[in-house]
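**Q** Predicted structure and sequence below. I'll ask about it afterward.
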Amino acid sequence: MESLATQTLVLFAIRTTGNPLRRRPSKPLAASAIGIVIIGTLLPFTPIVAPLGFTPLPLAFLLFLAVATVTYVGMVELVKRRLMPQMMFQHKQGVTHRT
């Protein structure tokens, strides 16, 4: 579940070079990302858990997940802000990155 939340919500941080809170995503992107996280969080509390073998998560874990996700997305944003100017400069200079 934590991977679902972090990977889905990090899209908001990396989709723009600016502040993701000031540059709103498209409605379909916002709806699908938030919907995925909500469904993934609520799924263990539905009747479908028995056939899937899921168990409801403790509230303490959900609180930890919220804090960890906000921290992770914040760190991604900090790294992006530090590296993005360097990458943009190298792109303008014609420097290519090997992968």
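**A** Received, thanks.
**Q** For the chain, give me the ranges with low pLDDT.
**A** 1-2, 87-99 (pLDDT under 70).
**Q** Do a quick rundown of the strands in it.
**A** For the chain, no strands are identified by DSSP state E.
**Q** where exactly do the helices run in it?
**A** Under the criterion DSSP state H, the chain contains helices at 2-14, 27-42, 49-52, 59-93.
**Q** Out of these, which is the most enclosed?
**A** Compared across the helices of the chain, helix 2-14 shows the largest average neighbour count, a mean of 16 (mean count of other Cβ atoms under 10 Å). To be clear about C-beta, it is placed using only N, CA and C from the backbone, and glycine gets the same treatment.
**Q** related to what we said a few turns ago, now render the helices of the chain as TSV, adding distance to residue 20.
**A** Shown next, in TSV, are the helices of the chain (distance: least, Cβ to Cβ, whole Å):
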stretch	distance to residue 20
helix 2-14	5
helix 27-42	11
helix 49-52	33
helix 59-93	7
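**Q** got the CA positions of stretch 59-66 in PDB?
**A** Below are the C-alpha coordinates for stretch 59-66, written out as PDB (Å, rounded to 0.1, in the frame of the first residue of the first chain):
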ATOM      1  CA  LEU A  59      -4.900   2.800  12.200                       C
ATOM      2  CA  ALA A  60      -1.400   3.400  13.500                       C
ATOM      3  CA  PHE A  61       0.000   2.100  10.200                       C
ATOM      4  CA  LEU A  62      -2.300   4.300   8.200                       C
ATOM      5  CA  LEU A  63      -1.100   7.300  10.200                       C
ATOM      6  CA  PHE A  64       2.500   6.300   9.600                       C
ATOM      7  CA  LEU A  65       1.700   5.800   5.900                       C
ATOM      8  CA  ALA A  66       0.400   9.400   5.700                       C
END
